[in-house]
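1. sequence and predicted structure below; questions after.
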Amino acid sequence: MMTQSFDKTLEQFWYVETASEIGFMHIRNHMPLQDSISSSGNFYSEGGPIFLAVADGHGDISHFRSSIGASIATSLAVEVLQQFANKVQLASQTEKERLVSSDNIVETVLKDIVTNWKIAILDHLANNPFNLNEIKTIKAHKLTDYESNPTVAYGTTLIGCTIIGSVGLFVQIGDGDVVVMASNGDVYNPIPIDPSLVSNRTTSLCQKNPIQSFRMSVINVESTPIDMIMLSTDGFGNSQIEPNWYKGVLTDIASFSQKHGMLWVRENLPNWAKLCASREGSGDDTTVGLIVSEQLLNRHDYGGEI
Amino acid sequence: MLYPSVGDEVKMRRTDTVIKIESRVAEGGQGVVFRGVDSGGHDLAVKWYRKNKYLERQYNQIEYLTSYSRPHPSFAWPIDIVNHPTIVGFGYTMEWVEARFVSLVEVLKKKVQPNFRTLILIGIELNEAFSALHSRGLCYRDINFGNLLVDPYRGDVSIVDNDNIGSESSRQGIKGTLRFMAPELIVGSSAPSIVTDLYSLAVFLFYLFMHGHPLEGQKVNASYTWDKGQEQSETVKVTHFFGRDPLFVYDPSDASNRPEYDSPVLRWWDIYPEFFKGVFVKAFTTGLKEPSLMKRVTETQWRSALYQLNDQLFSCSCGAAVFKDFDIPNKRCWNCSGTSLSVPIMEVPSGTCVLSPGFKLTRHHLFKDFDYKDSIGSVEPHPNITGELVFRNTSNISWIIEPVGEGVKEVKPGQRMQVRPMKIHFDKIATTILNT
Amino acid sequence: MNDLNSLMPGGGISRRSLHFFILADCSGSMKVDGRIQSLNYAIASIAPTLINWEKEQEQAQIFVRAIAFADQAWWHIESPQPIELLNWVPLTHVEKGLTSMGAAIRMVADAISPEKFEPRSLRPVILLITDGKPTDVEEFEIGLRELFSLPAGKAAIRLAVAIGQGANVSYLNRFINDPDIPVLIAENVDQIAVKLTAATLAISKMSSIGSDRKQVTEQIILPAVNSFIQADDDTIV
């Protein structure tokens, strides 16, 4: 990875909007909403670090507590990212560069997420032992070793993201999308797409060595300023007719926010998620988190007449 | 001598089994059919071919068919070629068709008709038999009243005259029986095939359920005239109305060929639910004019329609057998014109069924796996309370039931429960019984 | 599209697609005993059940493509056709044609390679219908290797229908590569619709480790509930 410089704390204002809707297929199959989203930070009013995490608990019956796994994952990820931000904010320039090196992120952020998730899951299990129905499911899955790894029951994906001054950090395990729109209009996936995640398989926090399957990326939002970040579970991407939907979707949202304002976007985001989750779309739980820079709203480059 | 005589012995070519000719049963265009008995005392049919120029082809045909196992038990399949010690020529032997099997024409003429469950059984069996045949890439070529015999009491089918069966590429002289022939055969634009079989099968089913021919309506009748010099020849008429310009009596977009006022089709058509009539509409609209496997109704479609029809049968309070039509909620009884009293229905994964005596719950209802044979439960009249029904658990697992206003109960294998509004759990599958 | 949808960011949404590939044998031996008719009939019989299945499960849209093979493999239906619009032009055998099954498998592998395959689609279904064994055995081996090296190939529901009495099932079993899925015979093609349920379970995701494929089959194909046992209890519940 390139060595990047993060010597300035940007005074940038961010809006964070979220939506999470249960999928049609989940309703039909009497399954709960298994997606989760958490965010934290001082939005709307002042600059400062912001945090966003989404997770998609696996729908397969073998992961019968995945909705709990997902919600623990997002709140935990936000916590871990906050601790990381605290360190980055207090650190000297050289120390900051060391902190954001990928080696260090693996050793701190990823390790903490993975370990804390496992601890929290085992804690949850200790307080809520498997009931009779769940034990029946476990017995039916002879090839899955719940005994040595009960976290399988809670299996989930996770995408986490934070902006700390000029540092943008993204971490991901499993599927779902991370999309960034740069201020020059470029739209890209900071974390490259994993082509092996097709059909009904995904990497997961519950697997044996999750760190190995994590993907991550650090960007410098000062040298390449950004207007928007979108994190979404695969219920969103799987609904899009366009295989390469990233640019279209983010450009349209940019245009909507300039034309109608952030409040309008906030009101409509749940509807968009709902449509994707409906039978007209993927039918899967759909969760979208948006981080929008105030600078975008102050410009008119995407807006026309309403 | 052209044919064996009663008392003669013929011999099967492969096994040397001797068959004694007992009686002459029928004589047809191709030859004579005898009843014979083997040494074990089993009845067998023997068909002896008339001397003709196609004899060699006929020999090869029978040899070909006897090298195959029969596709379905309903076929009276050729077993072996038989020879006579002195008479030149050959015959073949097949299973003896019991007297309980009669022509559908005989059945339709009777005053008392088979009940609907039996008709449906006949339809299902026919479709399973032809599906098995067609799955092997073979076509029958000559579906007609004389060849598809039915047992009007048990709902069994016997398909005789199998010597025209072959793959489409094998050429046969036979084109079929006029009223059952597909339009493209009549106009001569195509040879007999699986596609033309599908048409003939639909005609047969129309007769079975509607008691008439699907193309014989007012338009066709109007062409019959007493005016001298005006009458068209029968051939011209048939080519026109069954071949060049056929029109279904219930074509939704052209009412000019509706059944005559005195046609039985008029009454029978109304009895059936819309979805079932829809299958005939497909068979005789797109399936009439666009001869292809995709446009005609295949046996799988007929079969699932017939099973669904069976699921919608019940008795009106007047005693008449009627079909619940989920598309027409207040459909009146064809007999008493009353709107039916409430009937118990059961919502299962495959759809909605009416619970009435004779209804069988199968694996397909629960798992949609096309297994219609494995019985899970069956409905019977209540032994003690008139008008009430019981549902017997014919599976090997207990049902867990939650009758409305009562506690959770168990219905063990073999046990019966009284039909009333409830939830029934078949292991993981939940179903509901409601009163409509 | 409704108002809400037109105000939605991006190029619109749709259901996920289920790509159904038919690999059809048109070798010279398919001429015998009506085998090619059997193949065409099987496809015509399965189409209505698939249409029905698509309607009922309200989730996936089925698109059909077909590859025919004899001396070589070629697209019989190249652009994905929605199942309800499928117009199957009956296939005919190629006089003295070989059985280039390997070439056909390589062709389908190419079509579901990550560069070409719609990433949001469900597990594809590949249905192989044949009366024999490949004549291009080397290509067959390469084809299988290529197929199983692809994420979508590995995940694919692979089914095979043996036509005629002498079909060699050992090659078909290697293609299916799952002891729990038997080679079907033409009479049982309606079972194909049953197997599709596994394809749509894609929405119910599994972690790569916490999963076993067997489980999926077990969930779909529940144990037979048959053999009637008479209970002593004569009371009516």
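-> Looks like it arrived, so ask away.
2. switch to C-alpha atoms for all contacts and neighbour counts from now on
-> Will do.
3. can you tell if the helix or strand hosting A:Ile121 touches chain C?
-> Assessed by DSSP states H and E, A:Ile121 sits inside helix A:111-127. No. Between helix A:111-127 and chain C, judged by C-alpha under 8 Å from any C-alpha of the partner chain, nothing touches; the nearest distance is 15.3 Å.
4. packing partners for that helix?
-> The elements that helix A:111-127 packs onto, with contact taken as 3 or more C-alpha pairs under 8 Å, 6 or more residues apart in numbering or on different chains; DSSP states H and E, are helix A:66-90, helix A:210-213.
5. swap the cut-off to 6 Å and go again
-> Counting contacts by 3 or more C-alpha pairs under 6 Å, 6 or more residues apart in numbering or on different chains; DSSP states H and E, helix A:111-127 packs against no other helix or strand.
6. now do the buried residues in that helix.
-> Across helix A:111-127, burial judged by 16 or more other C-alpha atoms under 10 Å in any protein chain shown covers A:Lys111, A:Asp112, A:Ile113, A:Val114, A:Asn116, A:Trp117, A:Lys118, A:Ala120, A:Ile121, A:Leu122, A:Leu125.
7. and the very next helix or strand once past that helix, C-alpha only, in CSV?
-> Toward the C-terminal end, the helix or strand that comes next after helix A:111-127 (DSSP H and E) is helix A:132-140. Output of helix A:132-140 as CSV, limited to C-alpha atoms (Å, rounded to 0.1, in the frame of the first residue of the first chain):
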residue,chain,number,x,y,z
LEU,A,132,-35.1,-27.2,22.1
ASN,A,133,-36.0,-26.0,18.6
GLU,A,134,-32.5,-24.7,18.0
ILE,A,135,-31.0,-28.0,19.3
LYS,A,136,-33.2,-29.8,16.8
THR,A,137,-31.7,-27.7,14.0
ILE,A,138,-28.2,-28.3,15.3
LYS,A,139,-28.8,-32.0,15.3
ALA,A,140,-30.1,-31.9,11.8
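8. how about whichever strand or helix holds C:Ile67 and chain A, any contact?
-> Assigned by DSSP H and E, C:Ile67 belongs to strand C:61-69. No. With C-alpha under 6 Å from any C-alpha of the partner chain as the criterion, chain A is not reached by strand C:61-69; the gap is at least 10.6 Å.
9. low pLDDT regions in chain C?
-> Applying pLDDT under 70 to chain C picks out residues C:1-6, C:166, C:197-233.
10. can you give me phi and psi for A:Arg215?
-> Main-chain torsions, A:Arg215, degrees, to the nearest 10: phi -120, psi 150.
11. who does it form a beta bridge with?
-> Beta-bridge partners recorded for A:Arg215 (DSSP bridges): A:Gln172.
12. next, count neighbours for it.
-> Neighbours of A:Arg215 under the rule other C-alpha atoms under 10 Å in any protein chain shown: 18.
13. do B:Tyr59 as well
-> 17.
14. please apply the same query to A:Leu132.
-> 9.
15. for the one residue in chain B that gets nearest to chain C, what are its contacts?
-> Chain B approaches chain C most closely through B:Gly137 (3.8 Å), counting by C-alpha to the nearest C-alpha. Taking C-alpha atoms under 6 Å, 6 or more residues apart in numbering or on different chains, we find B:Gly137 in contact with B:Ser167, C:Gly34, C:Arg35, C:Gln37, C:Ser38.
16. just the ones in strands from these, please.
-> B:Ser167 (DSSP state E).
17. gap between stretch B:191-205 and the chain center?
-> 12 Å (C-alpha atoms, centre = their mean, to the nearest Å).
18. can I get it in CSV, CA atoms only?
-> Taking C-alpha atoms only, stretch B:191-205 is exported to CSV below (Å, rounded to 0.1, in the frame of the first residue of the first chain):
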residue,chain,number,x,y,z
ALA,B,191,-47.0,-36.8,-40.5
PRO,B,192,-48.3,-38.4,-37.3
SER,B,193,-46.1,-37.5,-34.4
ILE,B,194,-46.0,-36.8,-30.6
VAL,B,195,-47.4,-33.4,-31.5
THR,B,196,-50.4,-34.9,-33.3
ASP,B,197,-50.9,-37.4,-30.5
LEU,B,198,-51.2,-34.5,-28.1
TYR,B,199,-54.0,-33.1,-30.2
SER,B,200,-55.9,-36.5,-30.4
LEU,B,201,-55.4,-36.9,-26.6
ALA,B,202,-57.1,-33.5,-26.0
VAL,B,203,-60.0,-34.5,-28.2
PHE,B,204,-60.4,-37.8,-26.3
LEU,B,205,-60.3,-35.9,-23.0
